[in-house]
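[1] based on what follows, work out the 3D shape:
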Amino acid sequence: MPKLPTKATPEQKLRIASRLYATARKVKLAALRLRHPDLSEPELLRELNRRFFLLHD
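    Sure, this is the predicted structure:
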C-alpha cells in the first residue's frame, strides 16, 4: 500500500478518496457478478448503484 503524505493538500485528499471509491465499486461489482451470475450487466450496475446510494425501487 502506498504511503500517504502526512500533509496532503485538499486536492490530494480528494484524489485519494476518489481512487478509494472507484476501487470499492470495482470490488463490489466483482462480488455481485460472482453471487449473481444470472444478472445482466445493466441489472448488476443498477444493484451496485442501489447498494452504494441506498436507493430503493
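[2] and the next helix or strand past the strand or helix carrying residue 11?
    Assessed by DSSP states H and E, residue 11 sits inside helix 10-35. Downstream of helix 10-35, the next assigned helix or strand under DSSP H and E is helix 41-53.
[3] ok and that following helix relative to helix 10-35, angle-wise?
    Counting by axes from the mean of the first three to the mean of the last three Cα atoms, to 10 degrees, helix 41-53 lies at 130 degrees to helix 10-35.
[4] how far does helix 41-53 sit from the chain's center?
    11 Å (Cα atoms, centre = their mean, to the nearest Å).
[5] so for it, what gets flagged as buried?
    Under the neighbour-count criterion of 16 or more other Cβ atoms under 10 Å, helix 41-53 has 44, 47, 48 buried. C-beta coordinates here come from the backbone N, C-alpha and C atoms, glycine included.
[6] over to stretch 25-45?
    Applying 16+ other Cβ under 10 Å to stretch 25-45 flags 29, 32, 44 as buried.
[7] need those in a markdown table with distance to residue 38 and pLDDT, can you?
    Compiled in a markdown table, the buried residues of stretch 25-45 are given as follows (distance: Cβ to Cβ, whole Å; pLDDT from 0 to 100):
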| residue | distance to residue 38 | pLDDT |
| --- | --- | --- |
| 29 | 15 | 97 |
| 32 | 11 | 97 |
| 44 | 10 | 98 |
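[8] and the nearest residue to residue 36 once chain neighbours are set aside, how far is that from residue 51?
    Nearest residue to residue 36, sequence neighbours excluded (Cβ to Cβ, 6 or more residues apart in numbering): residue 44, at 7.0 Å. Applying Cβ to Cβ, to the nearest Å, the value for residue 44 to residue 51 is 11 Å.
[9] looking at the buried residues of stretch 25-45, which is nearest residue 16?
    residue 29 (20.6 Å; Cβ to Cβ).
[10] tell me the contacts of the closest one?
    44, 45, 48 (Cβ atoms under 8 Å, 6 or more residues apart in numbering).
[11] find the centremost residue of the chain, please.
    residue 25 (1.8 Å; Cα atoms, centre = their mean).
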